[in-house]
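Enquirer: Would you be able to build a 3D model of this:
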Amino acid sequence: MTLHPQARALLDMVAATGGIEVSDARLAEIRTGWAMLVALGCGDPEAVAEVTDLEVPSPAGAVPIRAYLPAEADAKTTDGLPVVVFFHGGGWTIGSVADYDPIARRIANAAGALVVSVDYRLAPEAPHPAAVDDCWAATTWIAEHAADLGGDGTRLALMGDSAGGNLAAVIAQRAAREGGPAIALQALIYPVVDCDMTRGSYELDGDDLLLDRTQMEWFFDCYTRGGADRTDPTISAGRADLADLAGLPPAVVITAEYDPLRDEGEAYAAALRAAGVEVAHSRYDGMIHGFFGLGALLDAGNDAVAEVGRAVRAAFGTL
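Expert: Predicted structure coming up:
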């Protein structure tokens with residue numbers, strides 16, 4: 001299938017502004033530009049019942065989180081909602097809880113769940129394993145303290161897009177390996193799960209997409225500064241042994257046709273299935289990396305949010 005006309009229009013708009021050129025020297029500009037694109041692509045933030053900002057303790061210092069009660073909840077009386085711990089995307093290098101606020105709101109309402117968005121440390125200032133450590137600290141804390149926010153920490157899902165999908169996959173593996181907390185669902189939205197950039201979907205570079213090989217090389221360089229091994233499963237979750245995938249929670253994997261990360265996401269879905277994990281995979285034809293959070297510009301983004309919302313509701317019997 002060809003690029004969807006809405007995706008083509010978005011790419012033309014980005015190209016008209018000079019495109020996305022990554023480098024350490026332009027880091028601040030890139031972060032600002034991505035925040036502006038997300039704000040434009042999300043549209044007006046949806047109303048939710050309550051938003052709470054707080055910090056989670058960790059060995060490396062406090063980790064900021066933002067919790068969202070869905071609009072269908074009464075913030076004063078509701079407790080025991082399923083909980084979605086959300087890790088934002090951005091190549092471990094850009095993005096923030098504030099940037100992703102409109103996306104987290106939409107997920108909370110679609111899923112009918114308490115969504116807790118984690119403001120993990122970014123590379124290159126804080127390379128691997130800082131993001132993993134922050135997300136683990138947040139996940140374990142939320143499992144124990146969700147009731148304080150109106151949630152049920154025994155009904156826990158992980159979700160993330162792109163680098164956030166990487167972190168969700170890594171945390172799901174760690175939880176299984178270390179005996180908790182119990183995860184009922186992992187929703188991986190075009191996740192980064194392998195450092196291998198020779199897969200066929202990387203040959204989509206010529207379409208001037210929002211993500212390409214040059215950007216991914218830079219993101220990995222930022223994330224692994226200090227000598228981290230890119231093939232380690234805590235970086236490339238798809239490199240985990242099949243035996244280590246067995247027993248992982250059911251997964252929803254979303255990929256986009258015109259996305260360099262398409263093939264690795266689909267390979268990870270296949271590996272999970274081979275390990276006996278229940279997997280629901282959807283490829284959004286004609287779509288590009290990043291579409292999930294750009295529903296005001298790309299209708300498929302709304303469809304994908306609705307899909308993961310239904311998956312969360314189904315996992316916890318709240319459809």
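Enquirer: can you give me the strands for the stretch 201-319 of the chain?
Expert: Listed in chain order, the strands of the stretch 201-319 of the chain (DSSP state E, counting those that start in this stretch) span 251-258, 279-288.
Enquirer: quick one, which of the ones you listed is nearest to Asp99?
Expert: Distance to Asp99, taken as CB to CB, is lowest for strand 279-288 among those, at 18.4 Å. Just so you know, the C-beta spots here come from the backbone N, C-alpha and C atoms, and that holds for glycine as well.
Enquirer: ok, the spatially most central residue of the chain to Gly293 distance?
Expert: When the chain is reduced to its mean C-alpha position, the nearest residue by CA atoms, centre = their mean turns out to be Gly160, at 1.8 Å. Here the criterion is CB to CB, to the nearest Å. By it, Gly160 lies 11 Å from Gly293.
Enquirer: got it, and Arg199?
Expert: 24 Å.
Enquirer: quick one: which of the two has more around it?
Expert: Set Arg199 next to Gly293 and count neighbours by other CB atoms under 10 Å: Gly293 wins out with 28 against 15.
Enquirer: Now do the same contact list for the more buried one.
Expert: By CB atoms under 8 Å, 6 or more residues apart in numbering, Gly293 lies in contact with Val38, Gly41, Cys42, Gly89, Tyr100, Pro102, Ile103, Asp161, Gly301.
Enquirer: for these, which one is nearest Val22?
Expert: Using CB to CB, Gly89 is the member of those that sits closest to Val22, with 14.5 Å.
Enquirer: name the element Pro64 belongs to?
Expert: Secondary-structure assignment from DSSP states H and E places Pro64 in strand 63-69.
Enquirer: neighbouring strands for that strand, and are they parallel or not?
Expert: strand 50-56 (antiparallel), strand 114-118 (antiparallel) (DSSP bridges).
Enquirer: Mind listing what's buried along the first one?
Expert: When you say that, I think you mean strand 50-56. Glu50, Val51, Val56 (16 or more other CB atoms under 10 Å).
Enquirer: Look up how far Pro181 lies from the second one.
Expert: Summarising the geometry, the distance separating Val51 from Pro181, computed by CB to CB, is 23 Å.
Enquirer: what's the answer for Ala228, then?
Expert: Applying CB to CB to Ala228 and Pro181 gives a distance of 25 Å.
Enquirer: which one of the two has more residues nearby?
Expert: For Ala228 versus Pro181, neighbours defined as other CB under 10 Å are more numerous around Pro181 (20 against 16).
Enquirer: What does the pLDDT read for that one?
Expert: pLDDT, Pro181: 96.
Enquirer: swap in Gly206?
Expert: 56.
Enquirer: hmm, back to that, mind giving me the packing neighbours of the helix or strand that the strand holding Pro64 is followed by?
Expert: Downstream of strand 63-69, the next assigned helix or strand under DSSP H and E is strand 81-87. Secondary-structure packing of strand 81-87 (3 or more CB pairs under 8 Å, 6 or more residues apart in numbering; DSSP states H and E): helix 101-111, strand 114-118, helix 130-145, strand 151-161, helix 163-178, helix 299-315.
Enquirer: most tightly surrounded among those?
Expert: strand 114-118 (a mean of 29; mean count of other CB atoms under 10 Å).
Enquirer: residues making contact with that strand?
Expert: 63, 65-70, 73, 81-88, 97, 100-101, 104-105, 107-108, 134-135, 138-139, 142, 146, 149-151.
Enquirer: between it and helix 130-145, how big is the angle?
Expert: Angle, strand 114-118 to helix 130-145, by axes from the mean of the first three to the mean of the last three CA atoms, to 10 degrees: 150 degrees.
Enquirer: now the angle between helix 163-178 and strand 114-118, please.
Expert: 100 degrees.
Enquirer: Quick one: mean pLDDT for strand 114-118?
Expert: Strand 114-118 comes out at a mean pLDDT of 98.
Enquirer: How about stretch 310-319?
Expert: Rounded mean pLDDT across stretch 310-319 is 94.
Enquirer: okay, how far is it across that stretch, tip to tip?
Expert: When the termini of stretch 310-319 are compared using CA to CA, to the nearest Å, they are 7 Å apart.
Enquirer: got it, and stretch 195-202?
Expert: 12 Å.
Enquirer: average pLDDT across stretch 168-176?
Expert: Stretch 168-176 comes out at a mean pLDDT of 98.
Enquirer: residues in contact with it?
Expert: 85, 87, 132, 135-136, 139, 158-160, 181-183, 186-188, 191, 193, 233-235, 237, 240, 244-245, 247-249, 268.
Enquirer: Check those residues for burial and list the buried ones.
Expert: 85, 87, 132, 135-136, 139, 158-160, 181, 183, 186-188, 191, 193, 233-235, 237, 240, 245, 248-249, 268.
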